[in-house]
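> Give me a model of this one.
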Amino acid sequence: MRITNIKTSRNTLKLKQPFITALRYVDVVESVIVNVETDDGLVGWGEAVPTGVITGDTTESIISAINNYISPAVLRHNILEEFDIVMHKLHASIHNNTSAKAAVDMALYDLLAQSLNLPLYRLLGGTRSAVKTDITISLNNIQQMITDSLEALRQGFSILKIKVGKEGLRDAVTVAEIRKAVGNSVELRVDANQGWSAKEAVRNIRAMEDYDISMVEQPVKAEDIDGLRYVTKNVCTPILADESVFSPRDAVEIITTGAADMINLKLMKTGGIYQTLKICGLAETYDVKCMMGCMMESKLSVAAAAHLACAKRVITMVDLDAPFLCAEDNYEPSDFSPQFKDSDIIMGPGAGIGVKLANKKEETI
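Numbers count the residues shown, from 1 in each chain. Okay, the predicted model is just below:
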């Protein structure tokens, strides 16, 4: 099964309402769709999203990396006979550019699973067939965040991820008011998106701990590993490293130095499933739990992440809410595809990832 062609095209979906964090404001999901074609007629699907403030990738850089570096490196290789070689060439073809690598990576895994007539999650481990995601409450004024939280509960979500990181101690007031509004049975996760200094983080998290928060994600700047460790050692709440972990090497540093209690895995950060599996192996070795997360992505790449979350026991938390935040869906509906229902993502019986665009309006680029 040789790779004969790799195509890229643009895809855009509107959000129901703006997605606001301490780092950015987003009102549409913009992505690059990848099709990897083979000589036996199979097509693998992948997706990359530009998240410049986190990965450094833009739409233009993703397209250039795929067309000018990744494609020449992997074309004509046989996926079934030399999969590891293909993956090595993919990741060695260009430095960084993790979102571009992730799109081609997931398309290759899609092809591998299709060729074996297996859903991807079964090929990768098959621990479970469904996962439950949280839903993000964007950073806004307190009343709007309360309204959004109550609406999320009405839609069937029982785990809320509260965006903070801009208001100092006011962040604790926000969490307190949301807890009061939603009651004690709802799990509250907190995500500061690098918004605090280490000492601010300790002060703010301690102030929030009276309101039964289950974890705090990336309280300090990604590169501030010493600060992250300081926070982890000085609060009771578990700390989740997100932007601080892009690679297996990053994961080794976080785990061996005790800089965080848990790791957030995102395909756009790691460069895809191949590298994420390495981090999962490290986490299993050291008994460190992982979350499967996403950027503002569409159903295609989120489904790939959900397959991985279903496959591995070490992934105990899921933050794959992006498709639930979209106002539209231009993917082909199928009983064989993963189903996004209430807060659940349920794997379908179809081979591969099981998601593809219904009608591609954009020209191949």
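
> Nearest the geometric middle of this protein, what residue?
Central residue check for the chain by Cα atoms, centre = their mean: the C-alpha nearest the mean position is that of C294, 1.8 Å away.

> OK, contacts around that one?
266-268, 301-302, 305, 319-322 (Cβ atoms under 8 Å, 6 or more residues apart in numbering). Heads up, the C-betas are built off the backbone N, CA and C, glycines and all.

> In TSV: those residues, plus secondary structure.
What follows is the contacts of C294, written out as TSV (DSSP: H, G, I helix; E, B strand; the rest coil):
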residue	secondary structure
K266	coil
L267	helix
M268	helix
S301	helix
V302	helix
A305	helix
D319	strand
L320	coil
D321	coil
A322	helix
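
> any idea which of those residues is closest to M87?
Using Cβ to Cβ, L267 comes nearest to M87 of these, at 13.7 Å.

> Would you confirm that the closest one contacts A100?
No - under the criterion of Cβ atoms under 8 Å, L267 makes no contact with A100, lying 11.6 Å away.

> what about the stretch 251-365 of the chain, any weak spots by pLDDT?
Per-residue confidence for the stretch 251-365 of the chain (pLDDT under 70) gives these ranges: 359-365.

> Would you map the helices across it?
267-270, 273-286, 299-311, 322-325 (DSSP state H, counting those that start in this stretch).

> The ones you listed: which one's closest to C236?
Among the helices of the stretch 251-365 of the chain, if distance is taken as Cβ to Cβ, the winner is helix 273-286, at 20.9 Å.

> now for that closest one, which elements pack on it?
With contacts defined as 3 or more Cβ pairs under 8 Å, 6 or more residues apart in numbering; DSSP states H and E, the packing partners of helix 273-286 are helix 83-92, helix 98-115, helix 248-257, strand 262-265, helix 267-270, strand 290-293, helix 299-311.

> at 7 Å instead, please
helix 98-115, helix 248-257, strand 262-265, helix 267-270, helix 299-311 (3 or more Cβ pairs under 7 Å, 6 or more residues apart in numbering; DSSP states H and E).

> if we can go back for a sec, what remains of the contacts of C294 if I keep only buried residues?
The neighbour count (16 or more other Cβ atoms under 10 Å) marks 266-268, 301-302, 305, 319-322 as buried among the contacts of C294.

> Export these to CSV and append columns for distance to P248.
Output for these, formatted as CSV (distance: Cβ to Cβ, whole Å):
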residue, distance to P248
K266, 14
L267, 14
M268, 16
S301, 20
V302, 23
A305, 17
D319, 21
L320, 22
D321, 26
A322, 25
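
> Which one of those residues is nearest to Q114?
Among the buried ones among the contacts of C294, S301 lies closest to Q114 (Cβ to Cβ), at 16.8 Å.

> where does the closest one sit relative to E209, distance-wise?
34 Å (Cβ to Cβ, to the nearest Å).

> repeat for A100
Taking Cβ to Cβ, one finds A100 at 40 Å from E209.

> who's more crowded, these two?
More crowded of A100 and E209, by other Cβ atoms under 10 Å: A100, with 32 against 15.

> can you count the residues close to the nearest residue to that one once chain neighbours are set aside?
Computed as Cβ to Cβ, 6 or more residues apart in numbering, the closest residue to A100 that is not its neighbour in sequence is A65, at 3.8 Å. Look at A65: counted by other Cβ under 10 Å, it has 26 neighbours.
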